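Trainee: Sequence and predicted structure below; questions after.
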Amino acid sequence: MLFMLVVKASNNSEAGNLPSAELIEAMTKYNQVLVKAGVRVMAKELHPSSNRIRISFPNSGQKPVVTEGSFTETKELIAGFILIDVKSRGEAIEWAMRMPDPQGYVEGQIELCQVFE
């Protein structure tokens, strides 16, 4: 079963503030454990919304609307993701619970999403 651990954006990630050396080390170790366990498929950080483009479809049959970032609602933004391949939903939750606070500023939030296969 594929699950995506979605790391939600925060004010700090949107500002481009880099995590502490301790958090970088903790996240590196976490990713190494995922790889060693054979469950990590991919992991990537994303640029802040200031470097993004949003395409929306407000009217049926009309051209999509292109909006350049920054986007103000950080609670709707993603800072990165890890894709894991596990045997069950419970195992996915266990792996997600082991992740260090991905923001390191007590702002971290992870959303766990199952991927259709």
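Mentor: Good, I have the coordinates.

Trainee: In the helix or strand bottoming out on mean pLDDT in the chain, which of the residues would be classed as buried?
Mentor: Sorting the helices and strands of the chain by mean pLDDT, DSSP states H and E puts helix 11-14 at the bottom, at a mean of 83. Across helix 11-14, burial judged by 16 or more other C-beta atoms under 10 Å covers 12-14. C-beta coordinates here come from the backbone N, C-alpha and C atoms, glycine included.

Trainee: Can you tell me which of those residues is closest to Ile53?
Mentor: Glu14 (15.7 Å; C-beta to C-beta).

Trainee: Next up, the contacts around that closest one.
Mentor: Residues near Glu14 by C-beta atoms under 8 Å, 6 or more residues apart in numbering: 48-50, 70, 74, 77.

Trainee: How about Pro64?
Mentor: With contacts defined as C-beta under 8 Å, 6+ apart, the neighbours of Pro64 are 55-57.

Trainee: how much space between it and Glu45?
Mentor: Pro64 sits at a distance of 27 Å from Glu45 (criterion: C-beta to C-beta, to the nearest Å).

Trainee: Surely Met27 and Pro19 touch.
Mentor: Yes. In this structure, Met27 is within contact of Pro19 by C-beta atoms under 8 Å, at 7.4 Å.

Trainee: For the residue lying closest to Trp95 once chain neighbours are set aside, the count of nearby residues, please.
Mentor: Closest residue to Trp95 apart from its sequence neighbours, by C-beta to C-beta, 6 or more residues apart in numbering: Ile84 at 5.8 Å. Around Ile84 there are 23 other residues, counting by other C-beta atoms under 10 Å.

Trainee: Counting neighbours, what do you get for Cys113?
Mentor: 13.

Trainee: ditto for the one 4 residues further on
Mentor: Close neighbours of Glu117, defined as other C-beta under 10 Å, add up to 6.

Trainee: For it, which residues are in contact?
Mentor: Glu117 neighbours (C-beta under 8 Å, 6+ apart): 1-2.
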